[in-house]
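*Asks:* Please work out how this folds:
(chains A and B)
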2 protein chains.
Amino acid sequence: MNKLNLWLSALLLFCSWTYSSAGQVISIADFGLKPDSRVNAVPYVQKALEACRKQPGSTLLFPKGRYDFWAQHSTERDYYETNTTDNNPKTLAILLDSLKDFTLDGNGSSFVMHGRMQPLTLDHCSDIRLKGFNIDWDIPLTAQAKVLKSTPDYFEIQIDTHESPYIIEDNRLVFIGEGWKSEMWGIMEFTPDTHLVAPYTGDRLGWRRYHAEEVSPGIVRLSDPKVAKVYPKVGNWLVLRTNERDHAGIFLFHSNNVSMEEIDLYHCCGLGVLSQYTRDITMIKVRVVPNAAKNRYLSGHDDGFHFMGCSGTIRIDQCAWGGLMDDPINIHGTCVRIVEILSPTRIKCRFMHEQSVGMEWGRPGEKVGFIENQSMRTVGTGIMTSFNPLSKTDFIVELQAPLPVGIAAGAALENLTCTPDVEIRNSFFGSCRARGLLVSTPGKVVIENNTFESSGSAILIAGDANQWYESGAVKDVLIRNNIFRYPCMSSMYQFCEAVISIYPEIPKPDPKYPFHRNIRIENNTFNLFDYPILYAKSVDGLSFTDNKLVRNTTYQPFHYRKDGITLDACKNVLISGNKAEGDVLGKTIRLENMKPGEVKLRKDSFFKLKK
Amino acid sequence: MNKLNLWLSALLLFCSWTYSSAGQVISIADFGLKPDSRVNAVPYVQKALEACRKQPGSTLLFPKGRYDFWAQHSTERDYYETNTTDNNPKTLAILLDSLKDFTLDGNGSSFVMHGRMQPLTLDHCSDIRLKGFNIDWDIPLTAQAKVLKSTPDYFEIQIDTHESPYIIEDNRLVFIGEGWKSEMWGIMEFTPDTHLVAPYTGDRLGWRRYHAEEVSPGIVRLSDPKVAKVYPKVGNWLVLRTNERDHAGIFLFHSNNVSMEEIDLYHCCGLGVLSQYTRDITMIKVRVVPNAAKNRYLSGHDDGFHFMGCSGTIRIDQCAWGGLMDDPINIHGTCVRIVEILSPTRIKCRFMHEQSVGMEWGRPGEKVGFIENQSMRTVGTGIMTSFNPLSKTDFIVELQAPLPVGIAAGAALENLTCTPDVEIRNSFFGSCRARGLLVSTPGKVVIENNTFESSGSAILIAGDANQWYESGAVKDVLIRNNIFRYPCMSSMYQFCEAVISIYPEIPKPDPKYPFHRNIRIENNTFNLFDYPILYAKSVDGLSFTDNKLVRNTTYQPFHYRKDGITLDACKNVLISGNKAEGDVLGKTIRLENMKPGEVKLRKDSFFKLKK
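*Replies:* Sure, this is the predicted structure:
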């Protein structure tokens, strides 16, 4: 190293030191809030955040301990949160409102919420770092219970009445929380110790018409004439579903460059981390899991990480999920229906799902795709020049150029600008209700070095413009070096056709134009107790190569599909280099609505094309 | 009855019918609040009250059920509440603000509070009727426990951890409620079933330096080296005192003509019903008692009914108190100190007790008394022409005429306009910490047909202008046809010198000018296990006549006074016609600082004047 280099290095070191020391650390204790004091932290945090606003680059530090949050003094604000019940206003425990260059450092603290609320909200923020805290509720919005007794006529459960106070009202089990009351309306069954969804259970039971009676305080007898004889097993733990999903845990709204690190979200009232129209998100060691210290089987209320309309890059590394009542990750956009063509460049559109309304769907200059709703084919793209809401459901979009030929009222519109690249690495998809990872983005997607124990499909690539309106088609997905453990696909849920399920919903598929394209599944290890490994519909360019398939006998096979790979209306498929250990069941490749010539089966000692 | 009379009667009937039907009944249900819904009632009640404001004479009706109140959306307002910790703002669950001619009818409903709050506040209201509800907390601001074990070295208690969640922190028993955390700092001991304060306990134990450890969940071992060997008895119940008194239960503030009927106040954060500068109050069947349905020994946090600076007539009928941590009734004014004489008609005054500051102490035209603070003699009166606060503690009073001779800085000022007449009838003074009834008003006072089971003195007539600054001297008190049951005076508290204790605090009494006057105690029944029946200091005109004295042997005598009647610096005393049943102990009359000639003992077969 010459002298100049040495000097430059020293300067660089100095600059990086001054840069990092420029950020002032502001302690919440300076505002009079002590850890473990059990007082309502809300007004103290509000004052501290206003001080931080005046110090760009500052860190708000919480001395390690417990901090409690009640709705009193909290900001209430209307947010149309996707895939969430529209019951505005939302109650916001901590609100970062238009903050820039700010760090919230919990230093290992616990933020304990009370009642229905959104713990942390970022609204039009940029360059935000969140780290070092966990979020929980003493009285969660979902309950759990241990199965004590199970007979053909009824079963009995034990509820921790401190954690989940309840009453029996009109023979219903009704939980009473802090400002809410909610009937139990669903049950998910978990095996003790492993915390896995009990095999073959899933959404099997409706649990809407049960009869409840109290045997003694904390012991409740349940029966349901419609599900008799399939009652949960003694010793298993149940998550008793109550309440609607009405607040996210952490809500990133129209923000930019947000990093989250070492955050445990033990519970929330809806989706765990919901990112909506936010650009560039990094999540490292963020876990939405049950609080082990409390022997919790339940964690967040619904999805773990939910991304809608995001852009830039989503980086997820060393994260984990478990005990959720919906998918750990769901990444998608929102299609809308064109309800009226007002002029060649002016269209009236409508949000079609009641849990996706009121959103700022687009901004001038953004690119849109026009989707013919029967074939789901994108027949053209355009540039939005204006977005004007008419109501919670309807809005007007103006376009730079006339609509493409073939697009009429009834077609769908997709926002192609708000579509992220995605990297998901080194993460653990524990056992939850539903699937593991749902991804629907035309951006570059890398899913590698993850472990899946999802109870349904590990990965679902869906896409529809007719029911959920969760756009869109994928164009570049790499699924590499992941381990799919035996619990994958041990329960049935919607769209779960195999461990990896590519299942767009296309009313009238056009074989010439598959919906998805360019999906590579390589060098993964599949531990399989059942037949279906891969289901793919309407994909152009699909490879399933060099995967290791290992027979597992923990569970008995139960799925109605008896083929390892099912391909439907796909083109340019390569299956190659896969190897099996043990008597892996799903040996056959089944083709539907396509020619055998579209499949290249090479150097593969295991799979056989079904005739 | 002639035709004209008949016609007039019919007209009268019609008018009264139209008048009563004029009041519109507005149901809280019309605002979307259902009973037993467990949602926060606060915003619904606010809307309903605004509707009622537009309909003078209206009634707000609550369909019978449970209604929950949380601090969210509640009004916060600064109130300087007497005898209450000054920790503004107060959190107000239901606020009647400048309402006139209004009825709140709970129809038997339960109003359940959460956290530190003031359930019901009347601020500058008039012609208000409150009826038919009870107020309670799921998690009270005071705890209770059963004594399971008692040894010379420690004792063990059982706590209902749903009702009173706690933690042990630094060997202290710390209760954690909804937005608060408070160490246990005092213990009161009650006997089971009877709910009486255990005899000879009272304020005996300080309980400030104890050591606590958890034996198992809900079982706590307590020891205190300072009080060893006088631990509570196995089977007894303890009220564990926590928190400060910081909100009243029902607060009547500068209001006029308020009637309350059929209200059970099962708990509160401070004084039960606090009436401050309010005129004409009627309370019928208002009870501040433990909630029997919850096996509660604890009730309100401190006093039951507390009246300060009230005027007109206070009517109390068929009311009850029990399980309080302070006196069931306390009626007084507030003396202030003259700290500086600015001119012959302009004086600077100061609130002298930290729990009586910030009040609007007077209004132009009100009458004041000038009290020489050593003899406590009122040396003259005057009329206030203005009242101007300088700070929370200090204010300027201007007078119509110059100050009387002999009044200098250090003297006290009393508001003589804000002094009520009082009628207390047919009520039950159950067992509480401290005394039964404290009354200090120059108005006409009638106390009749009541039953007392107070653990200290049943009736205390105090008065001081040097320590508590609770004015004032009485001029006309009739105590008639009451029953004092055996628990009276079974524990010691401040000023408890006999079942009826007249104990003004006068630094240098002037025998010519006794402080109190005209107190008649007649036709009462005293059930007595101990000696002291009546203690009277500085009274001019005192009669104790035709009372029935009955020996009771439930408890052993313990009081240091061994005379039935002690008179100190009194004048014009008549003792006559009293009769005893059984071996009543307090046979003697002891005189201090007075001549025997001031006592007339007539037709009395029982009392003997002590030589």
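*Asks:* Quick one: mean pLDDT over stretch A:560-571.
*Replies:* Confidence over stretch A:560-571, taken as the mean pLDDT, stands at 97.
*Asks:* repeat for stretch A:149-162
*Replies:* For stretch A:149-162, mean pLDDT is 95.
*Asks:* And that stretch, end to end?
*Replies:* 22 Å (CA to CA, to the nearest Å).
*Asks:* and it, anywhere near chain B?
*Replies:* Yes: residues of stretch A:149-162 contacting chain B under CB under 8 Å from any CB of the partner chain: A:Thr161, A:His162. For glycine as for every other residue, the C-beta is placed from the backbone atoms N, C-alpha and C.
*Asks:* Could you list the residues in contact with that stretch?
*Replies:* For stretch A:149-162, the surrounding residues in contact (CB atoms under 8 Å, 6 or more residues apart in numbering or on different chains) are A:143-148, A:166, A:215, A:217-223, A:228-229, A:231-234, A:238, A:240, B:161-162, B:165.
*Asks:* mind running it again at 6 Å?
*Replies:* A:145-148, A:218-223, A:229, A:231-232, A:234 (CB atoms under 6 Å, 6 or more residues apart in numbering or on different chains).
*Asks:* Over to stretch A:496-509?
*Replies:* Residues contacting stretch A:496-509 (CB under 6 Å, 6+ apart): A:374-376, A:456-464, A:484, A:488-489, A:495, A:515, A:532-539, A:569.
*Asks:* hmm, back to that, by pLDDT, rank the contacts of stretch A:149-162 and give me the bottom one.
*Replies:* For the contacts of stretch A:149-162, the pLDDT minimum is A:Lys229, 65.
*Asks:* hang on, the earlier thing: just the buried residues of the contacts of stretch A:496-509.
*Replies:* A:375-376, A:456-464, A:484, A:488-489, A:495, A:515, A:532-539, A:569 (16 or more other CB atoms under 10 Å in any protein chain shown).
*Asks:* quick revisit: between the contacts of stretch A:149-162, which sits nearest A:Pro364?
*Replies:* A:Ala145 (52.4 Å; CB to CB).
*Asks:* Send me the stretch of helix or strand A:Asn388 belongs to as CSV with only the CA atoms.
*Replies:* In this assignment (DSSP states H and E), A:Asn388 forms part of strand A:377-389. Written as CSV, here are the backbone C-alpha positions of strand A:377-389 (Å, rounded to 0.1, in the frame of the first residue of the first chain):
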residue,chain,number,x,y,z
ARG,A,377,-53.3,-12.4,-21.5
THR,A,378,-51.6,-9.0,-21.2
VAL,A,379,-52.5,-7.6,-24.6
GLY,A,380,-50.6,-4.4,-24.2
THR,A,381,-49.2,-1.8,-21.9
GLY,A,382,-49.6,1.9,-21.4
ILE,A,383,-48.5,4.9,-19.3
MET,A,384,-50.9,6.4,-16.7
THR,A,385,-51.1,10.2,-16.8
SER,A,386,-53.6,10.6,-14.0
PHE,A,387,-55.3,8.7,-11.2
ASN,A,388,-58.5,10.1,-9.7
PRO,A,389,-60.5,8.3,-7.0
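*Asks:* Output the contacting helices and strands for that strand.
*Replies:* Under the contact criterion of 3 or more CB pairs under 6 Å, 6 or more residues apart in numbering or on different chains; DSSP states H and E, strand A:377-389 touches strand A:367-372, strand A:394-399.
*Asks:* what sits against whatever residue of the stretch 301-450 of chain A ends up closest to chain B?
*Replies:* Taking CB to the nearest CB, chain B has its nearest neighbour within the stretch 301-450 of chain A at A:His301, 18.4 Å off. By CB under 6 Å, 6+ apart, the contact list for A:His301 reads A:Leu141, A:Thr142, A:Arg245, A:Cys268, A:Cys269, A:Gly270.
*Asks:* just the strands in the stretch 151-300 of chain A please.
*Replies:* A:155-159, A:166-169, A:172-176, A:181-183, A:186-190, A:211-216, A:219-223, A:237-241, A:250-253, A:256-265, A:273-276, A:279-288 (DSSP state E, counting those that start in this stretch).
*Asks:* of those strands, which approaches B:Gly179 most closely?
*Replies:* That would be strand A:172-176 among the strands of the stretch 151-300 of chain A, by CB to CB, at 18.3 Å.
*Asks:* for chain B, what are the nearby residues on the stretch 51-200 of chain A?
*Replies:* For the stretch 51-200 of chain A, the residues in contact with chain B (CB under 6 Å from any CB of the partner chain) are A:Trp70, A:Ala71, A:Gln72, A:Ile176, A:Gly179, A:Lys181.
*Asks:* Name the nearest residue to the third one, sequence neighbours excluded.
*Replies:* Spelled out, that is A:Gln72. Excluding the flanking residues, the one nearest A:Gln72 by CB to CB, 6 or more residues apart in numbering or on different chains is B:Ala71, at 3.9 Å.
*Asks:* on that earlier part again, considering the contacts of stretch A:149-162, which possesses the most neighbours?
*Replies:* Counting neighbours by other CB atoms under 10 Å in any protein chain shown, the top entry in the contacts of stretch A:149-162 is A:Ala145, with 26 neighbours.
*Asks:* Output the helix or strand containing A:Val445 in CSV, but only the C-alpha positions, please.
*Replies:* For A:Val445, the element it lies in under DSSP H and E is strand A:444-448. C-alpha atoms of strand A:444-448 as CSV (Å, rounded to 0.1, in the frame of the first residue of the first chain):
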residue,chain,number,x,y,z
LYS,A,444,-36.6,-11.0,-10.7
VAL,A,445,-37.2,-13.5,-8.0
VAL,A,446,-34.6,-15.5,-6.2
ILE,A,447,-35.7,-18.0,-3.5
GLU,A,448,-32.7,-19.8,-2.1
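*Asks:* Helices of chain A, start to end?
*Replies:* A:3-22, A:42-53 (DSSP state H).
*Asks:* where among those helices is the average confidence lowest?
*Replies:* helix A:3-22 (a mean of 50).
*Asks:* Now the helices and strands packed on strand A:377-389 in TSV, please, with extra columns for distance to chain B and mean pLDDT.
*Replies:* Compiled in TSV, the helices and strands packed on strand A:377-389 are given as follows (distance: least, CB to the nearest CB, whole Å; pLDDT from 0 to 100):
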stretch	distance to chain B	mean pLDDT
strand A:367-372	41	94
strand A:394-399	27	97
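*Asks:* nearest to A:Lys444, of the ones you listed?
*Replies:* strand A:367-372 (16.6 Å).
*Asks:* What separation is there between A:Tyr277 and A:Pro442?
*Replies:* 16 Å (CB to CB, to the nearest Å).
*Asks:* The nearest residue to A:Lys348 once chain neighbours are set aside: neighbouring residues, count only.
*Replies:* With CB to CB, 6+ apart as the criterion, A:Lys348 has its nearest non-adjacent residue at 4.1 Å, and that residue is A:Glu340. Applying other CB under 10 Å, we find 12 residues neighbouring A:Glu340.
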